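K.L.:
Okay, sequence plus prediction incoming.
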Amino acid sequence: MKHQVKLTHFEKMSRSTTAKASMKLMDRAAKECGKKFPTFTDVLNTKAVGELTGRMFNLYGLSEEDEVSYDAASIVASLHIMYQMWGLQKAGKGIFHILPEMADRLLYTKLNKVPTESIKTPFEFFYISAPPIMQIWNQLSGEHNLTGIYVCLPPDQPKEDRRMYICGVGEEKSARKIVELAGGTIRDEVIDDAVTWFYIVLNKPTADECLKAFLAKYKNEANNIMGPNYERTKEMFRFVLNTCLYLTSKTPDMMKVFNDEVEIRKKLKRAKSSGKRKKLERKLHNVRPSYIIVGPKTEEEVNKPSEKTGIKITVQTRVRGHGRWQACGIRWSQHKLIWIEPHTRGRYLRESKKQYVIKVKPTEEEVSRE
């Protein structure tokens, strides 16, 4: 089965001159921090980025008192995208294309029983294609169809202040361009302000409580940067958190796509000199997937035998996906988080309830043995 995947925002941006110059800027900032992957806050506080931010503020005629203005937020958003792109290039292109059916299941899953400690990420930096129904709000230009989401969960953060950065990117160009990071000029053909980014603090017992705390902070009128329909932003965060749970489960349905490998093999076939062939063979050996398709394999799930619940089902109902913290192991001494997909229950149609093990939690006794 072939999947038609549009060129991702990451791939478009990485080809621009703005992006290439910005990658060098982030390299300088990382070197200044003395870390392989500094946090976004670390990067903002470096001399390299600080000087550029100051120049951009001057271009807009902003002062330090204007930090909460729309223009200042645009500057930070553009810096954040470049930080995410830099991390993706350094960490190895973690680009996930979520199939529509899978996206629907992830959107339709509750987080109220999911322990926050279960939220892990497949990479420190990665990019997720967004479902076509999702939108983001921009203060100047209103709503935009969401095309993709950058996600970053830096390691080595304190447990009480573990932050996941989420940056949504709009599909179309908006009404106005923002500052080009490379030269500090206002006109740029790639980056626009159809972008929204936030961070969620993962310091509550459950993922749902973390999400509610985030919404309470940004929903009030004094800090209304999510627009009139904050439910859209809530959907984006729930989708990202459920995607993280799925991608880090034991048996996710995924398929790697190697576009670069195809191109290298074509060049290898045409290469005549032994030196060029050896160079291409080395590239082929180290090739990474262009992106990863995420979603269930095509299979019929209709008319499967229903589980015996003791209740006679006479109508069809759609059951939301949910997490279950299940005891397991010797004398039920361990626990594992099970994700149960959304499924249909009914008299004539019953989908099988697919379950994914997210994480096994060892007992204190087992930890002490190790």
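P.N.:
Structure's in. What do you need?
K.L.:
Leaving out chain neighbours, which residue sits closest to Gln157?
P.N.:
Of all residues not flanking Gln157 in the chain, Arg163 sits nearest, at 6.4 Å (CB to CB, 6 or more residues apart in numbering). Every C-beta, even on glycine, is put in place using the N, C-alpha and C of the backbone.
K.L.:
burial count for the one you found?
P.N.:
Each residue near Arg163 was counted by other CB atoms under 10 Å, and the total is 19.
K.L.:
Surely it and Asp156 touch.
P.N.:
No: contact criterion CB atoms under 8 Å: Arg163 and Asp156 do not qualify, at 11.9 Å.
K.L.:
Bridged to the residue nearest to Gln157, which residues?
P.N.:
Taking DSSP bridges, one obtains Val201 as the residues bridged to Arg163.
K.L.:
pLDDT below threshold where in the stretch 1-150 of the chain?
P.N.:
The model of the stretch 1-150 of the chain has pLDDT under 70 over residues 1-20, 52, 55-78, 91-93, 137-142.
K.L.:
for it, what spans make up the strands?
P.N.:
Secondary structure of the stretch 1-150 of the chain (DSSP state E, counting those that start in this stretch): strands located at 95-98, 125-129, 135-138, 142-152.
K.L.:
circling back to that earlier point, could you list which residues are in contact with the residue nearest to Gln157?
P.N.:
Applying CB atoms under 8 Å, 6 or more residues apart in numbering, one finds that Arg163 lies in contact with 153-154, 157, 199-202.
K.L.:
List phi and psi for Asp253.
P.N.:
With angles defined as degrees, to the nearest 10, Asp253 sits at phi -80, psi 110.
K.L.:
okay, now the residue lying closest to it once chain neighbours are set aside: neighbour count?
P.N.:
With sequence-adjacent residues excluded and distances taken as CB to CB, 6+ apart, Asp253 is closest to Pro296, at 5.0 Å. Using other CB under 10 Å, the number of residues around Pro296 comes to 14.
K.L.:
go on, Gln84?
P.N.:
Using other CB under 10 Å, Gln84 has 26 neighbouring residues.
K.L.:
measure the closest residue to it other than its chain neighbours to Tyr199 for me?
P.N.:
Distances taken as CB to CB, 6+ apart put Tyr150 closest to Gln84, at 3.9 Å, once the chain neighbours are dropped. To Tyr199, Tyr150 is 12 Å away according to CB to CB, to the nearest Å.
K.L.:
Give me the common contacts of these two.
P.N.:
165-166.
K.L.:
Quick one: the strands in the stretch 151-300 of the chain, in order.
P.N.:
163-170, 195-201, 254-257, 291-294.
K.L.:
Could you provide those in TSV, with additional columns for distance to Glu235 and mean pLDDT?
P.N.:
Listed next are these as TSV, based on distance: least, CB to CB, whole Å; pLDDT from 0 to 100:
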stretch	distance to Glu235	mean pLDDT
strand 163-170	11	80
strand 195-201	13	75
strand 254-257	23	82
strand 291-294	18	84
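K.L.:
Please work out which of those strands is packed deepest.
P.N.:
Highest mean neighbour count of these: strand 163-170, a mean of 23 (counted as mean count of other CB atoms under 10 Å).
K.L.:
How many residues are close by the residue nearest to Pro115 when sequence neighbours are not counted?
P.N.:
Nearest residue to Pro115, sequence neighbours excluded (CB to CB, 6+ apart): Thr206, at 6.3 Å. Number of residues near Thr206 (other CB under 10 Å) recorded here: 18.
K.L.:
need the contact list for Thr206.
P.N.:
111-116.
K.L.:
That one and Pro158, how far apart?
P.N.:
Going from Thr206 to Pro158 by CB to CB gives 19 Å.
K.L.:
What of Phe37?
P.N.:
The gap separating Phe37 from Pro158 is 16 Å, by CB to CB.
K.L.:
Have a look at these two and say which one is more surrounded.
P.N.:
Neighbours per residue (other CB under 10 Å) separate Phe37 from Pro158, with Phe37 holding more: 17 against 8.
K.L.:
surely that one meets Gly87?
P.N.:
Yes: if you go by CB under 8 Å, Phe37 and Gly87 touch, sitting 6.4 Å apart.
K.L.:
Report the set of residues contacting both of these two.
P.N.:
Listed contacts common to Phe37 and Gly87 are 124-125; contacts here mean CB under 8 Å, 6+ apart.
K.L.:
Below-threshold pLDDT in the stretch 251-370 of the chain: ranges please.
P.N.:
For the stretch 251-370 of the chain, the ranges with pLDDT under 70 are 297-335, 341-370.
K.L.:
Please repeat the previous calculation with a cut-off of 50.
P.N.:
Applying pLDDT under 50 to the stretch 251-370 of the chain flags the ranges 298-316, 347-351, 360-370.
K.L.:
Any idea how many residues pack against the closest residue in space to Leu247 that isn't next to it in sequence?
P.N.:
Residue nearest to Leu247 in three dimensions, not counting chain neighbours: Pro122, with 4.6 Å by CB to CB, 6+ apart. Residues lying near Pro122 (other CB under 10 Å) number 16.
K.L.:
Contacts only, for Pro122.
P.N.:
By CB under 8 Å, 6+ apart, Pro122 lies in contact with 94, 96, 244, 247-248.
K.L.:
Turn these into TSV, including distance to His80.
P.N.:
Shown next, in TSV, are those (distance: CB to CB, whole Å):
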residue	distance to His80
Gly94	17
Phe96	19
Cys244	19
Leu247	22
Thr248	24
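K.L.:
Out of the residues you listed, which end up buried?
P.N.:
94, 96, 244, 247-248 (16 or more other CB atoms under 10 Å).
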